[in-house]
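[1] How does the following fold in three dimensions:
(one chain, ligands or ions: 1)
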Amino acid sequence: MHLRPSLALICAAAALAACGPRKPTPEDARKFIDDAEQRLLLLGIDSARADWIKSTYITDDTEAVAAKLDERAINANVEYAKNATRFDGLALDPVTARKLKLLKLSLTIATPADPKESEELTRITASMEGAYGKGKWCPSGPESCKDIEDLTKIMAESRDPKLLRDAWVGWHAISPPMRKDFVRYVELANKGARELGFKDNGAMWRSQYDMPPDDFAKELDRLWEQVRPLYVSLHAYVRARLRAKYGDAVPASGPIPADLLGNMWAQTWDNIYPLVQPPNADPGYDITALLKKRNTDWKQMVKYGEGFFVSLGFDPLPQTFWERSMFQKPRDRDVVCHASAWDIDTQTDLRLKMCIQITGEDFLTIHHELGHNFYQRAYMKLPPSFRNSANDGFHEAVGDTIALSITPEYLVKLGLLDRAPDTSKDIGLLMRRALEKIAFLPFALVIDQWRWKVFSGEIPPEKYNETWWQLREKYEGIAPPVNRTENDFDPGAKYHVAANVPYMRYFLADILQFQFHRALAQAASCTGPLNRCSIYGSKEAGQRLNAMLEMGQSQPWQDALEKIAGTRQMDASAIRDYFAPLQTWLDAQNQGKPTGW
Ligand SMILES: [Zn+2]
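    Numbering: from 1, shown residues only. I've put the predicted structure just below:
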């Protein structure tokens, strides 16, 4: 999740009627989109530069300049998206038609035509995001206040059930005040989406995926059913371990309390690895220690990442990458250390922004971030509208695919490790990865399942909280740690719900990365267990990857998937393959114990 955050777009449908004096022609449409592409490109570059300066030198002034240039770019985008609808129904060449479609679908919310309602919706969305950002838990007076960063640390590190529960309840008290706003937001966002021809706001979000919105929803359920047996096994094992630690607070056969999984939203569980660690599963090496032993510096860390791509046949990064990136935390000013990959001019100006530490975690992160950079460079040759990933799940999936190739064998090839450990030691690594990636899948699914039902009216406001927990129980086997009622509004305690950010991309990225990894491992003629395959050094894998990357968003994502995986369907069976040794191990642990909830 480390791409430079794209600008959230709000479209007013107000000017839809302003169609000009005569019926537009296909030639008008081509001219329109050419003009839009050029202008938005230039505005985007200005705002990217301002954002870069703001992120690497935080002051009131740099923030003000960046906000202004961002707003200018967003407003222009909204304007063009509105005007693009006047070409609806015209017979256009496929390239122009796709560019116009992408322009219209770049909006995450459409404000209604009525100016008062439009203003109201804009105000409400800003206010909900603001309320989330200011959210704090103050257990004993103003001095004791904890923000979400403090609370994240408590949830990750504390093993005191009382503190965990208090922190959970404390944070979830920030959202009930949002509830009234949220009801109105749903009404108004739906109204705007309907004015643009969508059934509701959820249908507008689902329309991004090159297939009918309802078919896309069915696809996700199909993918989830493929992974579910592995999740159920993981859940049963973790529940038994947590019961051994916390006693009757964790039921023997029911859902797991949401506050005991190491994360405020129970969305990833790797923070509780020490509690569920399989015995004798230590891989026998630690990347941080290996890097330190060799006195690796930040430049060598990035060189390792670049070297990975060069080994696949990609050109080395441009000189400007080394000159303009931020690799280390400056001593004299505030910066945003959160790692991100940038393509400032969408031409050659690639950059990495990171405060590199010599750790195994940052070693992985660098490979991941450079995945974004090499994707960006591969699609730069395309027209500006197509300079993006095939769908929004693809960008993250590519970075993570590369990180999956950081195997012990890869470390041996780099000379960091003398000998790869026996595969019998893999259970620990697989467990950690499953706690992060398998635990996440049903969570990612629930967030937008819930919102889609809210937008469609299937879930009425008086059932917001009840249905939230019904879905969480059904998909995740998770329950609230204390009784909840409709006086609570627990969905609003998650950033993406409060801030109107669609979430399904994270589910897709999690599925796709394993499918990409398996396809590339096959191209690299890897015959070992999938979790031990690294595509490092394989020109065949590199060509396959590049064939997908260089398509950008120019074709439906199914075409891009076909280039890399030889199929037009997403397939979660690669996840089952990857975790097959863990599945066998979990089955043995769970023997004779209850599974499911
Ligand atoms: Zn990322």
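
[2] confidence score at Arg72?
    On the pLDDT scale, Arg72 is placed at 85.

[3] so what's the backbone phi/psi at it?
    phi -60, psi -40 (degrees, to the nearest 10).

[4] Ok, Trp342 next?
    phi -120, psi 150.

[5] likewise the one 3 residues further on?
    For Asp345, the backbone dihedrals (degrees, to the nearest 10) come out as phi -110, psi 10.

[6] Could you double-check that it lies in contact with Ile45?
    Yes - with contact defined as CB atoms under 8 Å, Asp345 counts as touching Ile45 (5.1 Å). (Glycine included, C-beta is placed from N, CA and C.)

[7] Leaving out chain neighbours, which residue sits closest to Lys453?
    The spatial neighbour of Lys453 that comes closest, neighbours along the chain excluded (CB to CB, 6 or more residues apart in numbering), is Ile459 at 4.4 Å.

[8] tell me the SS of that neighbour?
    coil (DSSP: H, G, I helix; E, B strand; the rest coil).

[9] Model confidence for it, exactly?
    The model's pLDDT for Ile459 equals 98.

[10] hang on, isn't Pro52 packed against Ile344?
    Check again: residue 52 is Trp, not Pro. Yes - taking contacts as CB under 8 Å, Trp52 lies within contact range of Ile344: 6.3 Å.

[11] Need the residues touching each of these two.
    Arg351 (CB atoms under 8 Å, 6 or more residues apart in numbering).

[12] burial count for the residue nearest to Lys453?
    21 (other CB atoms under 10 Å).

[13] Now it: phi and psi?
    Per-residue torsions, Ile459: phi -100, psi 110 (degrees, to the nearest 10).

[14] do the same with Ala110
    phi -120, psi 120.

[15] again, but for Ser140
    In terms of degrees, to the nearest 10, the main-chain angles of Ser140 are phi -150, psi 70.

[16] mind listing the strands for the chain?
    With strands called from DSSP state E, the chain shows them at 10-12, 109-111, 256-257, 340-343, 350-353, 478-479.

[17] For the ion, which of those is the nearest?
    strand 340-343 (7.0 Å; CB to the ion).

[18] With just CA atoms, put the closest one into CSV.
    The C-alpha coordinates for strand 340-343 follow below in CSV (Å, rounded to 0.1, in the frame of the first residue of the first chain):
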residue,chain,number,x,y,z
SER,A,340,6.2,5.1,-1.3
ALA,A,341,7.1,4.8,-5.0
TRP,A,342,6.7,7.9,-7.3
ASP,A,343,6.6,8.7,-11.0
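
[19] Okay, buried residues for stretch 325-340 please.
    Using 16 or more other CB atoms under 10 Å as the test for burial, stretch 325-340 gives 325-327, 335, 339-340.

[20] can you list those in CSV and add pLDDT and distance to Glu79?
    CSV is the format used below for those (pLDDT from 0 to 100; distance: CB to CB, whole Å):
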residue, pLDDT, distance to Glu79
Ser325, 98, 33
Met326, 97, 33
Phe327, 97, 38
Val335, 88, 33
Ala339, 89, 33
Ser340, 91, 28
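
[21] ok and the residue in the stretch 401-550 of the chain nearest the ion?
    Ala509 (8.4 Å).

[22] how many neighbours does the nearest residue to that residue once chain neighbours are set aside have?
    Closest residue to Ala509 apart from its sequence neighbours, by CB to CB, 6+ apart: Glu396 at 3.7 Å. Glu396 has 23 neighbouring residues, counting by other CB under 10 Å.

[23] Also the one 4 residues further on?
    Residues near Asp400, counting by other CB under 10 Å, number 22.

[24] Just list the residues touching it, thanks.
    Each residue near Asp400 by CB under 8 Å, 6+ apart is listed here: 368, 371, 509-510, 513.

[25] And the furthest pair within the residues you listed?
    Greatest spacing in these, by CB to CB: Gly371 and Asp510 (14.7 Å).

[26] Settle it for me: which of the two has more neighbours?
    Gly371 (27 against 24).

[27] Kindly state the pLDDT recorded for the closest residue in space to that one that isn't next to it in sequence?
    Computed as CB to CB, 6+ apart, the closest residue to Gly371 that is not its neighbour in sequence is Gly399, at 3.4 Å. pLDDT, Gly399: 90.

[28] and what of Ala15?
    Reported pLDDT at Ala15 in the predicted model: 41.

[29] Just list the residues touching the closest residue in space to Trp597 that isn't next to it in sequence, thanks.
    Of all residues not flanking Trp597 in the chain, Gly477 sits nearest, at 4.1 Å (CB to CB, 6+ apart). Shown in contact with Gly477 (CB under 8 Å, 6+ apart): 232, 235, 239, 255-256, 596-597.

[30] my guess is Lys146 meets Cys138, correct?
    Yes - using CB under 8 Å, Lys146 makes contact with Cys138 at a distance of 7.5 Å.

[31] quick one: which of the two has more around it?
    Taking neighbours as other CB under 10 Å, Lys146 and Cys138 compare with Lys146 leading, 18 against 12.

[32] so the more buried one bridges to which residues?
    Trp137 (DSSP bridges).

[33] mind checking pLDDT for it?
    Confidence score, pLDDT, at Lys146: 94.

[34] Enumerate every residue touching it.
    Contacts of Lys146 (CB under 8 Å, 6+ apart): 136-139, 154, 167, 170.

[35] and the residues you listed, which are buried?
    136-137, 154, 167, 170.

[36] rewinding a little: who touches both of Lys146 and Cys138?
    In terms of CB under 8 Å, 6+ apart, Lys146 and Cys138 are both contacted by the residues Gly170.

[37] re the thing from before, for the residue nearest to Gly371, what are its contacts?
    Contact partners of Gly399, counting by CB under 8 Å, 6+ apart, are 2, 341, 367-372.

[38] Now tabulate the strands of the chain in TSV and tack on distance to the ion.
    Converted to TSV, the strands of the chain look like this (distance: least, CB to the ion, whole Å):
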stretch	distance to the ion
strand 10-12	25
strand 109-111	23
strand 256-257	28
strand 340-343	7
strand 350-353	11
strand 478-479	26
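
[39] how about the ones you listed, which one is nearest Gly247?
    strand 256-257 (11.8 Å).

[40] Run me through the strand neighbours of that closest one, direction for each.
    Sheet partners by DSSP bridges: for strand 256-257, these are strand 478-479 (parallel).

[41] For stretch 393-410, list the C-alpha coordinates in CSV.
    C-alpha atoms of stretch 393-410 as CSV (Å, rounded to 0.1, in the frame of the first residue of the first chain):
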residue,chain,number,x,y,z
GLY,A,393,-5.5,-4.5,-7.5
PHE,A,394,-2.7,-5.0,-9.9
HIS,A,395,-0.2,-2.3,-8.7
GLU,A,396,0.0,-3.7,-5.2
ALA,A,397,0.0,-7.2,-6.4
VAL,A,398,3.1,-6.7,-8.5
GLY,A,399,5.2,-5.3,-5.6
ASP,A,400,4.1,-8.2,-3.4
THR,A,401,4.7,-10.8,-6.1
ILE,A,402,8.4,-9.7,-6.2
ALA,A,403,8.5,-9.8,-2.4
LEU,A,404,7.3,-13.5,-2.6
SER,A,405,10.5,-14.3,-4.5
ILE,A,406,12.7,-13.3,-1.5
THR,A,407,13.3,-17.0,-0.6
PRO,A,408,16.3,-18.5,1.2
GLU,A,409,17.7,-19.6,-2.2
TYR,A,410,17.6,-16.0,-3.4
